[in-house]
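**Q** Okay, sequence plus prediction incoming.
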Amino acid sequence: MCLFPYCSSVLGQLTMASSIVLLLLLIALALLSVSANLVSIDCGSSDSYTDENSIKWVGDDDFVQNGESQVVQTTNGVSNVMGTLRVFSTRKKNCYSIKAEKGSQFLVRASFYYGNYDKKSAPPSFDLQLDGNYWNTIQTSAEGVVYYEVIYITKGDSIELCLAQTQPNQLPFISAIEIRGLASDMYNHVDSEYAMLLTRRVAYGATEAIRYPSDDFDRIWDAVEVGNGLVKVTTDAQTIDTSVPDQPPVAAFQYGITTSKTSEAILLVTDLPPVEVPIYIIMYFSEVTELDSTQTRSFEIYIDGKSHFDPIVPAYGSVVEMSITNISASSNTSFSLVATSDSTLPPLINAMEVYYVSGPITDGTDSKDVAGLATLQDKFSTLQEWTGDPCLPSPFTWDWVNCSADDTPRVTALYLSGFGLSGQLPEFSSLDALQTIDLHNNSLSGSIPDFLGTLPNLKQLNLADNKLSGPIPTTISNNNKLKLVSSGNPNLCASGGSCKTVVDNSGGPSSGSSSKKKNSKLPLILGIAIPAFFVFWVIVVIFVCSMSQSKRRRAAAIAATNAGQNGGANMPNGLPPQGAPMNPQMMGKFGEVMMNQFAGNDEDQGTPEQGTPEQIRNQQVEERPLQY
């Protein structure tokens, strides 16, 4: 509808050439929008390039953590993409992680070309997994390329494609990964909780395989040669409308197959597994020539010899799509196209897709646990080697976790002893189903986080032999249900003991609040202050006693001198009585003795009664005349 009055005149002036240019631009824009959903990874390569199908390939370094790049020994005419591969010799499983929009529908294709890369001529077998779900057991070939496809709706924001070793000495490898975004209304006969696994996609009568850019979604339609009495037919329609739900490419309708007689049926090969599985088969039909009024082409789909659907009448210049769902089948189930009794022409088919339907797609490990483990991996780079779902599939959990057996598993244990972890522990309290945390024999530093004591199910916490410091949080020390092992951390405060101040890189105390830091110093302050107080007062008492004794002796010396001047023959110790005359020589010697004794007391207060040994000897000599 034209919204402006001059619109019709402008449109009328457009030439045929300009219309074609506009159409080409629109097609180019459409192709660009589709190609934005194409991600092609050349495994084992570091190069980026565009192949013969205009598909841009990139190396796999940004999508995987482990593995070794290898070059094949034989090419056997395969594409250049198959010239390299990545092989995995460590870990139970190794995963590629490709960003994807959650809730979108994708086709994922994984390709494997052995090419005798290891010169052992022994193609290995291993498991392929997708987003924590078992996909298939891969049996590689010594001759050609083996590839697997799945269509599903993502439940997360990435696609995790994993390879798991299942046999001794048979190392998983992969050659290419292709991610193709699909329209949301395609393949809508299968619930989004299930995946569709391809067994066959064919374009009957085609001379070569059909893929991008002929198919906007880069589905690969294998060419099938005509045989067993079948007849190849070519369409004469100038245009073919392929606007049916699953959007097959126009190129798939350039040819078709039929039989030479109406009495002959077309037997369809499905390549389904040998055991019965739920199936999703889509058949595409387009009349190859415009029929006259005397001609009719009508046929039915028979399953194991019985008709299950209304007759199909192909349309000329357009496509009829027929889906077979809600039944189970196997490689032993026969599918055939049989002409109806009123048909003048034999049955015809142009293309077919065959899938079997998986079991319910798991939601994966609990999202809270995935977030908690991601926090640990962000902090400790050595843990980044583990990718994919941590718990699923259950035989291939990460080496350092234990998980519950719930439909949505929970992480119940972390076993990270001896992993070389260093630095402070990050906060991973979202892992609230943990029962055991073993972090001993690492180089963890800093304080023990409080949240570890609040994990509701935690029973064992082993932090031994690290470099942790500061006080043990009360959330842990007061938790009677939690067994803590913390030996081998010299700077960690034992429960109830004194705590040294630990200084962090910023120069300040590293643990506890300011009040806790002050409290932690109190025992040390008291331990120094109290003994110092007693020592101080002992020194004071000794000093006072010494000074008192010195004063008494000085007073005695003065008194003796005075007594000598006044007489004292009748005084005790042989001193003359008061008023008696004293011999001046004797008075002089007595005064000298008293002064020597006083001086000795001043020089050595530690022995105030004796003085030095020399003074004692002099004193004894000087005092002898006083003894008679």
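**A** Structure's in. What do you need?
**Q** I figured Ile151 hits Ser104, correct?
**A** No. Using Cβ atoms under 8 Å, Ile151 makes no contact with Ser104, being 11.5 Å away. No exception for glycine: its C-beta is placed from N, CA and C like everyone else's.
**Q** So if I had to pick from the two, which one is more boxed in?
**A** Using other Cβ atoms under 10 Å as the criterion, Ile151 and Ser104 rank with Ile151 on top: 22 against 14.
**Q** quick one: the helices in the stretch 1-150 of the chain?
**A** 7-13, 16-35 (DSSP state H, counting those that start in this stretch).
**Q** In three-state terms, label Lys368 for me.
**A** Put simply, Lys368 is helix when judged by DSSP: H, G, I helix; E, B strand; the rest coil.
**Q** low pLDDT regions in the stretch 401-550 of the chain?
**A** 494-550 (pLDDT under 70).
**Q** Give me the domain ranges for this structure.
**A** 35-182, 197-360, 367-493 (the TED database).
**Q** what's the closest residue to Pro473 other than its chain neighbours sitting at in phi/psi?
**A** Nearest residue to Pro473, sequence neighbours excluded (Cβ to Cβ, 6 or more residues apart in numbering): Asp450, at 4.5 Å. Torsion angles at Asp450 (phi, psi; degrees, to the nearest 10) stand at phi -60, psi -30.
**Q** coming back round to it: want to throw the domains of the chain into TSV with distance to Asp191?
**A** Below are those laid out as TSV (distance: least, Cβ to Cβ, whole Å):
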stretch	distance to Asp191
domain 35-182	9
domain 197-360	9
domain 367-493	17
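**Q** Contact partners for Phe285?
**A** Contact partners of Phe285, counting by Cβ atoms under 8 Å, 6 or more residues apart in numbering, are Ile312, Pro314, Ala315, Val319, Val320, Glu321, Met322, Leu348, Ile349, Asn350.
**Q** Wait, a helix at the second one?
**A** No. Using three-state DSSP, the assignment for Pro314 is coil, not a helix.
**Q** Can you give me the neighbour number for it?
**A** 23.
**Q** swap in the first one?
**A** Ile312 sits with 19 neighbouring residues when counted by other Cβ under 10 Å.
**Q** Begin at 460 from now on, thanks
**A** Done: numbering now begins at 460, and the last item shifts to Ile771.
**Q** Quickly list what it is bridged to.
**A** Note on Ile771: beta-bridge partners Phe758, judged by DSSP bridges.
**Q** how about it, what does it touch?
**A** Contacts of Ile771 (Cβ under 8 Å, 6+ apart): Phe744, Ser757, Phe758, Glu759, Ile760, Val779, Met781.
**Q** next one: the fifth one
**A** Contacts were defined as Cβ under 8 Å, 6+ apart; by that measure Val779 touches Val703, Tyr743, Phe744, Ser745, Ile771, Val772, Pro773.
**Q** In the sheet, which residues pair with it? Tell me.
**A** Beta-bridge pairing for Val779 (DSSP bridges): Phe744.
**Q** could you measure it against Phe744, distance?
**A** 5 Å (Cβ to Cβ, to the nearest Å).
**Q** again, but for the first one
**A** With distances taken as Cβ to Cβ, Ile771 is found 6 Å from Phe744.
**Q** Please apply the same query to the last one.
**A** Asn809 is 6 Å from Phe744, where distance means Cβ to Cβ.
**Q** ok, now the third one?
**A** The spacing between Ala774 and Phe744, counted by Cβ to Cβ, is 8 Å.
**Q** got it, and the fourth one?
**A** Computed as Cβ to Cβ, the Val778 to Phe744 distance reads 7 Å.
**Q** Show me the common contact partners of these two, please.
**A** Asn809.
**Q** Sketch out the low-pLDDT regions of the chain for me.
**A** Looking at the chain by pLDDT under 70, you get 460-495, 953-1087.
**Q** what do you get if the cut-off is 90, keeping everything else the same?
**A** 460-497, 534-536, 683-688, 767, 952-1087 (pLDDT under 90).
**Q** quick one: the helices in the stretch 710-859 of the chain?
**A** Under DSSP H, counting those that start in this stretch, the stretch 710-859 of the chain gives helices at 826-838.
**Q** Ok, which of the domains of the chain comes nearest Val649?
**A** Distance to Val649, taken as Cβ to Cβ, is lowest for domain 656-819 among those, at 5.5 Å.
**Q** Kindly check the end-to-end length of that closest one for me.
**A** One end of domain 656-819 sits 13 Å from the other (Cα to Cα, to the nearest Å).
**Q** How far does it sit from its chain's centre?
**A** Chain-centre distance of domain 656-819: 45 Å, with Cα atoms, centre = their mean, to the nearest Å.
**Q** What about the residue nearest to Pro932, how many residues nearby?
**A** So Asp909, with other Cβ under 10 Å, has 13 neighbours.
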